[in-house]
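Asks: Below: sequence and its predicted model.
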Amino acid sequence: MLVAVSLLVARVACRNPRGSLMTRKRPALDIERVVASPPIKMPSRDCSTNSEFNSDGDVSSPAHPHVRYLPSPDRSFSDRKQYRSILLANGLHALLIADPTDEPTAQPDDHGKGTGGTGLHTSSASATSDVEESNEDDNDERPKSETTSESDDDSDGSSANESLIDDEPEGEKLAAAALCVGVGSFSDPRHVQGLAHFLEHMIFMGSKKYPQENEYDSYISKCGGFDNAVTDLEETTFYFEIDEAHLDGALDRFASLFTEPLMLRDSVCRERDAVESEFQTNKNRFSSAREQLMASLGRDDHPISLFSWGNLKTLKNNITDDELYTELHKFQRRHYSAHRMHFAVQARMSLDELEALTVKYFSAIPCNGLPAENLSSLYSETNAFRDEFFKKLYVVKPISDVCQLDITWSLPPCVKEYHVKAIDYISYVMGFEGRNSLTSYLRKHSLALDVHTGASSGFEKNSLYTLFSVSVTMTDHGLENVEQILKAVYSFVRLLKRQGPVEWIFKELQELEATSFRYRKEKEASDNVEELVVNMRYYPPEDIITGPELYFKYDPSEIWKVINNLNEPRFNLMISSTKPYKNVAYDRTETWFGTEYKELDVPEEWKRLWEVAEPIPEIKLQEKNHYISTNFAILADDSAGVQVTQYPEKIFENEICELWFRQDAKFKLPLALISALAGFLTSMVKFQIAEELYPAEVAGLNYELYSAEKGLVLKIDGYSEKLPIVAAEISATMGRFADIFSESVFDVIKVKLEKAYYNEIMKPNKLNRDVRLKLVQPNHWATWEKFEHIKDITADDVRNFSRIFFNGLKIQALIQGNILQESAELVMQKVLINFNASAIQDIKSIESKAREIPIGTYYLTVANFRESDVNTVTTTFYQAGPVTPSLHACLELLVSLLEEPLFDVLRTKEQLGYDVSTTLRDNAGVLGFSVTVHSQEDKFSYIYIDERIELFNQYFVQVLHNMADKDFELVKTSLKHRKQTVDTELKNEAARNWGEITTEEYIFNRNKLEVEQIEKLSKNDVSVLYHRLVVDPTTRRKLCVQVVGSSELTASISPTSTGKMDTENDSRPKYRLTYIDPRNDKDSRSHIENIYSFASGL
């Protein structure tokens, strides 16, 4: 079920970059096995599978005699896909996923009577059977469904609803594949740190079969897909998604990268610049810097202390080009062996067809037969860190505005203990945020805002150790009273030991996860294969899907091991705070990220707190959760004779509210989503309801509440049975907020928002977006403005605002999913009663608007707010005009054509920066597109970046002119297929419908109309549009926004001298933009010296 409500109030005052190191979340090797069969031992993976049967009885394939079949994975009842697990002759383990679309979602027999079982479907496809069934981003554009469009069809929402769901044609689906290599940064040679990450980059640089450096990228891009890769500490994962019709060609090119990669000397010397750029881009992230600081405290001979990112120092300055080339190829030959690879592919093809493709292309990957390094025989949690790690207090100066206390235990590895998931059980109990919890206690005493517990990332959870952390986001009061926080945390650790494992809590958690798995939403193909291919490394074949999801059995002895380890005084204390703790003077600097810190003795009184710690009466274990759903009936099945419309229809309207409704008959899952459209009020409301509704979140009922351009947005989704209760609770809290207003909560939230706004404006990509939108959209409030204004907001301001907020609303609502129309109306009536609102008087005051950029070229150049940050972000925006179906289609096709050559020239060949992208923009119904380059100012100046973009524009004219018709048609067809891709879950379809309602356009079949427009386009149409928007100076409307990093050239610019400050008629000191003066007369004619002055003339 989905419900959406919009509160509108008058205002009162890319493509994924490739090679992301991303310490990604490892599958939470976390559920009691609900199917009581023992785990199957993974067959030995040598390089030979010639026998008909292996020692475990796995059958050999008649069609491919050198392929062995492994047990198929157990799957959810809501999972329609078919699976086959095979082992190739070279030792490569492959998972084949056939994704039929014409069979109904499987439903358990007792779906209306509670969970009633495990939610598992045991795959039974035989070895020889065939399957007959064939969301920190920069985007400011509205979702595809929200783009304004003219149409010959009626757009009042009525005629579009006449067709029934049964008439909906089957849509397209994308195919995807992923390959995981069992080696990561833990295997880096100490003299070439970052080598595993660098190799991940280099693998893409051509193969013997396809020697052109960008052939793989080019093919994937032209066929409507994308690709990416991730380096973790113990594995490296490569994946792509593509139009299904071109899977064969993509697999051919993909496999060739691992069969005979080129990794030429010239590519090696260029691509390390991309690694450096990626490192510099991430250098200002607190989480990455803190993780590296933790690594630096490890023993020098332990892999934890390695610098996994790599940069020019490790890949150039400390090594010769010849040595790097040799080490790279040596590392690849040693570790990139087929028997250490796992592969997953998903498409709407039969299992036999997928098997044939896999055997055809991946059997040739060489196998060296060498065993993987047995790191766990040498390293463990006992020798990971130096002794002082557990004996000292570390006070850190973070790059971001944070105030955080981390208590970290080094525990034995738990990646193999997935049946009980003791670590995750403890994390669940300790991180609970409901009544009488640790989090609730710290919030009530104004000591903390949030508490996060557990271990999830590859750095925290791997085969060598587990870093279990209690991370406390402190208030200023908490920073001044750290000992009170420690006392509370220590008391909870003692409470765990006194209470021991609690079986009913484990069983409740087990039930929640089993229910979630039973009705799990379908993932996008690329997300699914990326997740499963990593799972294949850690779970036996039948548990590849269930392993990370389900709690298989209750074993108190395993839980006791964790509890006892937590009660040992082997933990690290780290305080990270922008506001200096006790006015310490930092005297140490971490080598790679430059993080300043201080090492202190742990105060004696803190040691005594640990020694005498006892449970605090105010802190208890959780109570039973009354939000857990038990009724999972699919109402569309029970409503015989009821016609289900393909699109939402309006079922209620008055002067305040309009309600749209659509019952789900497609996804047939007991889910719902509620959304409603006015930063302080939302943050305080969320803080007020957090304790009450945390059990609801645990039970699968999720909600969001945030401020948007026109008002407030409230979204709730989850199981239908209890969702109306959550909607009623949130709307009731909002309606009576002025009466329950808390000044202590106000003080906490004000500091939290100040920190959040500060951290946002310190990010050059966020500042670039803010600066551009401040000029283009009149109603846009920039983060730096909010940061300044919030300082003057008082408790009375917020209290009074909450009283008048409901005096002048327009409420838009959508309810869609597993709910009856009568129930939908009751939900909305309850919300209206709780709000007790009146209608808005001037609806025009909240209309979205966009400014027209004058014909010409305009530069808006400002300095990065963080003076030490070398990162520069350049966005060149070309405004096109008001949206029409034909213009939108042509722009979308243009962006698709631009993407690959832009990345190849500016990123791969010229190495201007790690992140190069192009994006279609929709600002309040005015279209355009942009080119964005993230670079480093100490390497390339912002002026040079703009020049290279301009030269690329001229180059692309020739690319388009010389493009073969078949290549153009290929890109066009792929774009059409992508727009026809079927929704994988209710939320996707609901988001499109919601966008149509909030923009009041109601073109629910927009994708279909846009596909029709794309079909009509010719290469000449795109060429003419590109010439008008980009090439012709008499017609183009170019706005180049640049946030410039620090360098020798920009060092002279200061807020008090050359920089021109925004005062906006306010003499009060502000966090203001520093404009960079033009360098020559030509620039001065088109240089924007003040956003407000320039915008006032538009």
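Replies: Great, that's in hand.
Asks: Walk me through the domains of this protein.
Replies: In terms of domains, the chain is parsed into 385-501+554-611, 634-762+780-836, 856-865+870-1096 (source: automatic domain parsing).
Asks: Same list (those domains) but as a markdown table, adding mean neighbour count.
Replies: Any C-beta I mention is one placed from the backbone N, CA and C, and that applies to glycine too. Written out in a markdown table, the entries for those read as follows (neighbours: other CB atoms under 10 Å):
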| stretch | mean neighbour count |
| --- | --- |
| domain 385-501+554-611 | 19 |
| domain 634-762+780-836 | 19 |
| domain 856-865+870-1096 | 19 |
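Asks: Okay, now the unreliable bits of the chain?
Replies: With pLDDT under 70 as the threshold, the chain has low-confidence stretches at 1-63, 65, 101-171, 630-644, 663-678, 710, 842-846, 1048-1070, 1079-1085.
Asks: Of all the helix elements in it, which one is longest?
Replies: For the chain, the helix with the greatest residue count under DSSP state H is helix 942-962.
Asks: mind exporting that one as CSV, just the C-alpha atoms?
Replies: Taking Å, rounded to 0.1, in the frame of the first residue of the first chain, the C-alpha atoms of helix 942-962 are listed here in CSV:
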residue,chain,number,x,y,z
TYR,A,942,39.6,26.2,-13.0
ILE,A,943,40.3,28.2,-16.1
TYR,A,944,42.0,25.3,-17.8
ILE,A,945,39.0,23.0,-16.9
ASP,A,946,36.6,25.3,-18.6
GLU,A,947,38.8,25.5,-21.7
ARG,A,948,39.0,21.7,-21.9
ILE,A,949,35.2,21.5,-21.7
GLU,A,950,34.9,24.0,-24.5
LEU,A,951,37.3,22.1,-26.6
PHE,A,952,35.4,18.9,-26.0
ASN,A,953,32.2,20.6,-27.2
GLN,A,954,33.9,21.2,-30.5
TYR,A,955,35.2,17.6,-30.6
PHE,A,956,31.7,16.2,-29.9
VAL,A,957,30.3,18.0,-33.0
GLN,A,958,32.6,15.8,-35.1
VAL,A,959,31.8,12.7,-33.0
LEU,A,960,28.1,13.2,-33.7
HIS,A,961,28.7,14.0,-37.4
ASN,A,962,30.8,10.8,-37.9
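Asks: Counting by contacts, list what it packs against.
Replies: Counting contacts by 3 or more CB pairs under 8 Å, 6 or more residues apart in numbering; DSSP states H and E, helix 942-962 is packed against strand 871-882, helix 885-902, strand 926-936, helix 1019-1026, strand 1037-1044.
Asks: Can you check what angle separates the helix or strand following that helix from helix 885-902?
Replies: Proceeding N to C from helix 942-962, the next assigned helix or strand is helix 965-979, under DSSP states H and E. Interaxial angle, helix 965-979 versus helix 885-902 (axes from the mean of the first three to the mean of the last three CA atoms, to 10 degrees): 110 degrees.
Asks: And the helices in the stretch 201-350 of the chain, which stretches?
Replies: For the stretch 201-350 of the chain, applying DSSP state H, counting those that start in this stretch gives helices covering 215-222, 247-259, 265-282, 286-296, 312, 321-335.
Asks: before we move on, back to that, adding distance to Glu278, write the domains of the chain out as TSV.
Replies: As requested, the domains of the chain are arranged in TSV below (distance: least, CB to CB, whole Å):
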stretch	distance to Glu278
domain 385-501+554-611	13
domain 634-762+780-836	19
domain 856-865+870-1096	4
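Asks: To Leu324, which of the ones you listed lies closest?
Replies: Shortest separation from Leu324 across those is recorded for domain 856-865+870-1096, at 16.0 Å, computed as CB to CB.
Asks: And the closest one, end to end?
Replies: Start and end residues of domain 856-865+870-1096 are separated by 17 Å (CA to CA, to the nearest Å).
Asks: so how far is that domain off the chain centroid?
Replies: 22 Å (CA atoms, centre = their mean, to the nearest Å).
Asks: try stretch 69-78
Replies: With CA atoms, centre = their mean as the basis, stretch 69-78 stands 27 Å off its chain's centre.
Asks: With stretch 779-787 instead?
Replies: On the basis of CA atoms, centre = their mean, the separation between the geometric centre of stretch 779-787 and that of its chain is 24 Å.
Asks: same deal with stretch 834-853?
Replies: 31 Å.
Asks: Endpoints of that stretch, how far apart?
Replies: Its first and final residues considered, stretch 834-853 spans 44 Å by CA to CA.
Asks: With stretch 841-854 instead?
Replies: Using CA to CA, one end of stretch 841-854 lies 34 Å from the other.
Asks: How about stretch 1028-1040?
Replies: Note: stretch 1028-1040 ends 17 Å apart using CA to CA.
Asks: residues making contact with the longest helix of the chain?
Replies: Residues outside helix 942-962 that contact it (CB atoms under 8 Å, 6 or more residues apart in numbering) are 859, 861, 872, 874, 876, 897-898, 901-902, 905-906, 910, 912-913, 931, 933, 935, 1019, 1022-1023, 1026-1027, 1030-1031, 1040, 1042, 1044, 1079.
Asks: quick check, distance from the helix or strand that contains Leu814 to the centre of its chain.
Replies: Take DSSP H and E as the rule and Leu814 turns out to sit in strand 807-817. For strand 807-817, the distance from its own C-alpha centre to the chain's C-alpha centre is 28 Å (CA atoms, centre = their mean).
Asks: Which SSE is immediately downstream of it?
Replies: Using DSSP H and E, the next helix or strand after strand 807-817 towards the C-terminus is helix 821-835.
Asks: quick one, strands of the stretch 301-450 of the chain?
Replies: Listed in chain order, the strands of the stretch 301-450 of the chain (DSSP state E, counting those that start in this stretch) span 341-347, 392-397, 403-411, 448-454.
Asks: Equivalent analysis for the stretch 451-600 of the chain, please.
Replies: Along the stretch 451-600 of the chain, counting by DSSP E, counting those that start in this stretch, strands occupy 466-474, 571-577, 588-589, 596-601.
Asks: So for Asn318, which of the ones you listed sits nearest?
Replies: Closest to Asn318 of the strands of the stretch 451-600 of the chain, according to CB to CB: strand 588-589, at 18.8 Å.
Asks: okay, now the closest residue to Glu234 other than its chain neighbours: neighbour count?
Replies: With sequence-adjacent residues excluded and distances taken as CB to CB, 6 or more residues apart in numbering, Glu234 is closest to Gly184, at 4.5 Å. The local packing count at Gly184 equals 23, with neighbours defined by other CB atoms under 10 Å.
Asks: if we can go back for a sec, output the strands of the stretch 301-450 of the chain as JSON lines; include the columns distance to Leu681.
Replies: Shown next, in JSON lines, are the strands of the stretch 301-450 of the chain (distance: least, CB to CB, whole Å):
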{"stretch": "strand 341-347", "distance to Leu681": "43"}
{"stretch": "strand 392-397", "distance to Leu681": "33"}
{"stretch": "strand 403-411", "distance to Leu681": "23"}
{"stretch": "strand 448-454", "distance to Leu681": "17"}
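Asks: Phe652 falls within a helix, correct?
Replies: No. For Phe652, which was evaluated using DSSP: H, G, I helix; E, B strand; the rest coil, the result is strand, with no helix membership.
Asks: For it, name its beta-bridge partners.
Replies: Listed by DSSP bridges, the beta-bridge partners for Phe652 are Leu659.
Asks: Contacts only, for Val1022.
Replies: Residues in contact with Val1022, defined by CB under 8 Å, 6+ apart, are 890, 893-894, 897, 960.
Asks: Against Pro366, how distant is His339?
Replies: Between His339 and Pro366 the distance, using CB to CB, to the nearest Å, works out to 10 Å.
Asks: same check, this time on Leu986
Replies: The gap separating Leu986 from Pro366 is 45 Å, by CB to CB.
Asks: try Lys208
Replies: Where Pro366 is concerned, Lys208 sits at a distance of 12 Å (CB to CB).
Asks: of the two, who's got more company?
Replies: With other CB under 10 Å as the criterion, Lys208 and Pro366 differ in neighbour count, and Pro366 comes out ahead with 15 against 10.
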